[in-house]
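**Student:** The following comprises the amino acid sequence and a computationally predicted model.
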Amino acid sequence: VQLQASGGGLVQAGGSLKLSCVVSEFISNYYYIGWFRQAPGKEREEVSLIMRSGSTSLYADSVKGRFTISKDSAKNTVFLQMNSLKPEDTAVYYCAVGRVYSLQQHWYDYWGRGTLVTVSS
C-alpha cells in the first residue's frame, strides 16, 4: 500500500476529526500531498494540499477556516484536522501525491484508499 488514509468515523455536527495519511517511502517523485473527498452520489472534489516541505498549503473554499492540513516529515504522514464539521462534509476522504501545485485531480499520480467520514445532524 503506497498511501494509507485513516482516522475517519462518525461524529456529530460541530465536532472534530483528524485524518492521517501515511505516504510510503517507496514513493519519491512528488512535491505535493492532497486531500480529496467524494460524497455519496457526487463526484470527487478537492479539499486541501500541502507542499512536501510543509511550507505551502491550499484549501478549497468549502473547508477554508475549518480544516487545517499539516505534516510530520519524519513519519511521512500528512494530517487533516477537521473542525466545525457539517453534515455536508460527509464523504470518503482520499489522500494523493502529485508534482504540480494544483488541486485538480488529474495532476495526482498515486492515490490511497479512502476513509469514511460521517457527520450526523
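**Tutor:** Nice, I can see it. Computed from a predicted structure; not experimentally measured.

**Student:** Mind checking the pLDDT average for stretch 32-40?
**Tutor:** If you average the pLDDT over stretch 32-40, you get 97.

**Student:** got the buried residues for that stretch?
**Tutor:** 32-37 (16 or more other CB atoms under 10 Å). (Each C-beta comes from the backbone N, C-alpha and C, glycine too.)

**Student:** residues making contact with that stretch?
**Tutor:** Residues outside stretch 32-40 that contact it (CB atoms under 8 Å, 6 or more residues apart in numbering) are 19, 21, 23, 44-52, 69, 71, 78, 80, 88-103, 105, 108, 114, 117.

**Student:** So which of these belong to strands?
**Tutor:** Judged by DSSP state E, strands contain the following of the contacts of stretch 32-40: 19, 21, 23, 45-51, 69, 71, 78, 80, 91-98, 108, 117.

**Student:** What's the PyMOL syntax to select whichever of those residues are buried?
**Tutor:** Typed into PyMOL, the line below selects the buried ones among the ones in strands among the contacts of stretch 32-40, using 16+ other CB under 10 Å:
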select buried, resi 19+21+23+46+47+48+49+50+69+71+78+80+91+92+93+94+95+96+97+98+108+117
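
**Student:** So, low pLDDT: which residues of this protein?
**Tutor:** 1 (pLDDT under 70).

**Student:** Taking the centroid of it, which residue is nearest it?
**Tutor:** residue 35 (2.4 Å; CA atoms, centre = their mean).

**Student:** so which strand or helix has it?
**Tutor:** Assigned by DSSP states H and E, residue 35 belongs to strand 32-38.

**Student:** mind exporting that strand as CSV, just the C-alpha atoms?
**Tutor:** Only the C-alpha atoms of strand 32-38 are listed here, as CSV (Å, rounded to 0.1, in the frame of the first residue of the first chain):
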residue,chain,number,x,y,z
TYR,A,32,2.5,17.9,-3.0
ILE,A,33,0.2,15.8,-0.9
GLY,A,34,-3.5,16.4,-1.4
TRP,A,35,-6.8,15.5,0.3
PHE,A,36,-9.9,14.9,-1.7
ARG,A,37,-13.4,13.7,-0.9
GLN,A,38,-16.3,12.0,-2.5
